[in-house]
Every structure is written in structure tokens, then in C-alpha cells.
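Trainee: Just to be clear, the model below is a prediction. Sequence and coordinates:
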Amino acid sequence: MVGQTEETLTANRVPYEVGIAKYSELAKSMMLGDEAGMLKLLFHPETHKLLGVHALGQRATEIIHIGQAVLFYGGSVEYFRDMVFNYPTLAEAYKVAALNGLNKL
């Protein structure tokens, strides 16, 4: 994980929204036979600024650096919505999670 946690954001009374992509929803995960995992994005509901990224699963280390870079540069969740991710890849989880979270607003 990189950035904030839900616990920290709640304790500091920072509003946030959550976007989730389950590995079981991704074609690449199905091809790899690794459907146990997920990617979670935490972002501010008004500014859409990325606050935290959590990746769980055997291949989490292969995708966490994408969120780390966007977080470091102060990017928003729209980056993931608007960016083209190769298909099929595990990185596609960022687009899925971004759309999941933005659809909750």
C-alpha cells in the first residue's frame, strides 16, 4: 500500500470515497489463475485527488508502483479513468477501480 489508509482518513476527518477492482473481474487474473486479490483506491470525493492505493494479491507488487507515481505527483482518480491500460493486464484494475469509485459519487 501507498498513501493513506481508511482508518487514518477517518481519524483525521478527511472525506474519502473508495473504488475497488477485484482480481476476479480481470481477464488477466483469470488467465493467470490468480483471482484472489484486489486493488483499492481512496480519493477525495470533491477534488478527486488520490489519497491512497492498496493492492492485495500475489502480483500486487507488479502494479502498486503505478499508484505510487500518481500519488507522488498529486494526481487524481481521473488519471486512471482516462488513461489507456493495455488489455489484458493487471494494471487494468486501476481503470476498473476508478470507475467503481467515481460511479458512487
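Mentor: Okay, I see it.

Trainee: Give the buried residues for the helix or strand where Tyr94 lies.
Mentor: Using DSSP states H and E, Tyr94 falls within helix 92-102. Using 16 or more other Cβ atoms under 10 Å as the test for burial, helix 92-102 gives Glu92, Ala93, Tyr94, Lys95, Val96, Ala97, Ala98, Asn100, Gly101, Leu102. C-beta coordinates here come from the backbone N, C-alpha and C atoms, glycine included.

Trainee: Please pull out the lowest mean pLDDT helix or strand from the chain.
Mentor: helix 27-32 (a mean of 90; mean pLDDT, DSSP states H and E).

Trainee: is it possible to export the buried residues of helix 92-102 to CSV including pLDDT and distance to Ile20?
Mentor: Shown next, in CSV, are these (pLDDT from 0 to 100; distance: Cβ to Cβ, whole Å):
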residue, pLDDT, distance to Ile20
Glu92, 94, 14
Ala93, 95, 9
Tyr94, 97, 11
Lys95, 96, 13
Val96, 96, 8
Ala97, 98, 6
Ala98, 98, 10
Asn100, 98, 6
Gly101, 98, 8
Leu102, 98, 12
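
Trainee: Which of the residues you listed sits closest to Val14?
Mentor: Here the nearest of the buried residues of helix 92-102 to Val14, counting by Cβ to Cβ, is Gly101; it sits at 15.2 Å.

Trainee: Spell out the residue ranges of the strands in this structure.
Mentor: 2-3, 17-22, 38-43, 50-56 (DSSP state E).

Trainee: contacting residues for the nearest residue to Glu25 once chain neighbours are set aside?
Mentor: In this structure, Glu25 finds its nearest non-sequential neighbour in Val96, 6.2 Å apart by Cβ to Cβ, 6 or more residues apart in numbering. Going by Cβ atoms under 8 Å, 6 or more residues apart in numbering, Val96 touches Ala21, Glu25, Leu26, Leu39.
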